[in-house]
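Trainee: need a structure here:
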Amino acid sequence: MKKHTINETIRPVEIESGNAPAGIGYIAIPEMKFVDREQYIEDCYRSHTVMIYGGIHYGYFYNVSIDKEVLKAIEFPQNKNEYGSPVVWVNIKPYNKPIIIAVLKSEEDFYLNDEGEYNLSREFNGNHIDIRLNSKKGTLDFAVLTAATQGKIKFSVINPDKSCEFEVYVKGKIMLHATEEVRIVSDKKIQLQVIDEDSKDCVLITYERGKGLKYIDEFENEVNIKEGELQLISKKINHNSGKEPMVLGDSLNKTLGEILDGINALTVPTAFGPSGTPINTATFIGIKKKLDTILSKISNLE
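Mentor: A predicted model of the protein is given here:
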């Protein structure tokens, strides 16, 4: 923070009398060694009073009341021998007490406002927070730039019965971009929808704790995942390229069993009459007993 000189952006008018009705001064902090800067500033915000240097021909004013909106905009000096924001004070004659009613631009304020624009900027130890509203362009910008601390923007909507709502509607696009991680957290249920112009669901993806995941789309495809079960429903399901059709285990089992039974009963005509059944019938019977092992215990078709 800059030191005070008489060559300021706002120059106080020299008044010989010390009983002026108004003046321009500067936010200050006590120079006493036992005064802790952080504790003093905390007391100022709690009491809505500050210390100021009153300007040319004036000394320091202590416990000066300050408008609550002005208090949000002022900056305190970093060191005790410096001055903070320039402010306008008026003297309330019946009480003979100054009150701060406005904060003025200092030389360090470099933001240039456009027509229809409002800026709020605060800086502390290399951390910058900027809010810029521009009605002319229809924009609202938030910027948090930190040097040594973690930057954070947080919105909280809380009530006892958990019925709060937070909605964002954009007639256009929304983009979320993080260089490290994006997380969406819910204590109970997460739902993602794509709807058409008639507000009908094109895609609905829902995960609810204890019930599982459900996906359904406009093409009648459906996926249901719950404890111990994964279900796929569609007119056609392909694995990889889907070049060849799958077989049905029970149907294949039955057909192979019928083939083996036919082989066991096989007879052929000879010059001496019909032949007997194959002498290795026991082999085919053993194979038939193993057919159930080809059936999956966890996967089913149709």
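Trainee: So what touches the helix or strand bottoming out on mean pLDDT in the chain?
Mentor: Scoring the helices and strands of the chain by mean pLDDT, DSSP states H and E places strand 273-274 at the bottom, with a mean of 77. Residues outside strand 273-274 that contact it (CB atoms under 8 Å, 6 or more residues apart in numbering): 267-268. (Each C-beta comes from the backbone N, C-alpha and C, glycine too.)
Trainee: swap the cut-off to 6 Å and go again
Mentor: T267 (CB atoms under 6 Å, 6 or more residues apart in numbering).
Trainee: which residue of this protein sits farthest from its center?
Mentor: Note on the chain: the largest C-alpha distance from the chain mean falls to F272, namely 89.9 Å (CA atoms, centre = their mean).
Trainee: Do you know the pLDDT at that residue?
Mentor: F272 is assigned 78 on the pLDDT scale.
Trainee: Burial check on G151, number of neighbours?
Mentor: The tally of other residues near G151 (other CB atoms under 10 Å) stands at 12.
Trainee: all strands for the stretch 51-200 of the chain, in order.
Mentor: 60-66, 86-92, 97-103, 117-124, 127-134, 139-145, 189-195 (DSSP state E, counting those that start in this stretch).
Trainee: okay, these in a markdown table with distance to P77 and mean neighbour count next?
Mentor: Formatted as a markdown table, the strands of the stretch 51-200 of the chain follow (distance: least, CB to CB, whole Å; neighbours: other CB atoms under 10 Å):
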| stretch | distance to P77 | mean neighbour count |
| --- | --- | --- |
| strand 60-66 | 13 | 17 |
| strand 86-92 | 12 | 19 |
| strand 97-103 | 14 | 19 |
| strand 117-124 | 12 | 13 |
| strand 127-134 | 17 | 15 |
| strand 139-145 | 22 | 11 |
| strand 189-195 | 49 | 11 |
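Trainee: quick revisit: what pairs with the least confident helix or strand of the chain, and is each one parallel or antiparallel?
Mentor: Counting by DSSP bridges, the strands paired with strand 273-274 are strand 269-270 (antiparallel).
Trainee: now the strand it pairs with, how far from the chain's geometric center?
Mentor: Here the centre of strand 269-270 is set off from its chain's centre by 84 Å, with CA atoms, centre = their mean, to the nearest Å.
Trainee: thinking G55 is in contact with G25, fair?
Mentor: Yes - under the criterion of CB atoms under 6 Å, G55 makes contact with G25 at 4.8 Å.
Trainee: domain ranges for this protein?
Mentor: 22-103, 110-153, 189-233, 249-294 (automatic domain parsing).
Trainee: Just the mean pLDDT for the second one, thanks.
Mentor: Average pLDDT, domain 110-153: 85.
Trainee: again, but for the first one
Mentor: pLDDT averaged over domain 22-103 equals 88, rounded to a whole number.
Trainee: distance between that domain and the chain's centre?
Mentor: 38 Å.
Trainee: For beta bridges, what are the partners of V90?
Mentor: According to DSSP bridges, beta-bridge pairing links V90 with A22, I99.
Trainee: Quick check, it in contact with A20.
Mentor: No - contact criterion CB under 6 Å: V90 and A20 do not qualify, at 9.5 Å.
Trainee: got the end-to-end distance for stretch 74-82?
Mentor: 14 Å (CA to CA, to the nearest Å).
Trainee: swap in stretch 23-35?
Mentor: 27 Å.
Trainee: what does that stretch rub up against?
Mentor: Residues contacting stretch 23-35 (CB under 6 Å, 6+ apart): 4, 10, 12, 40, 50-55, 74, 76, 80, 83-89.
Trainee: Please check those and keep the buried ones.
Mentor: Among the contacts of stretch 23-35, those buried by neighbour count (16 or more other CB atoms under 10 Å) are 4, 12, 40, 50-55, 74, 76, 83-89.
Trainee: what does stretch 287-294 contact?
Mentor: 253, 256-257, 260.
Trainee: can I get those residues in a markdown table with neighbour count?
Mentor: Shown next, in a markdown table, are those (neighbours: other CB atoms under 10 Å):
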| residue | neighbour count |
| --- | --- |
| N253 | 17 |
| L256 | 14 |
| G257 | 15 |
| L260 | 19 |
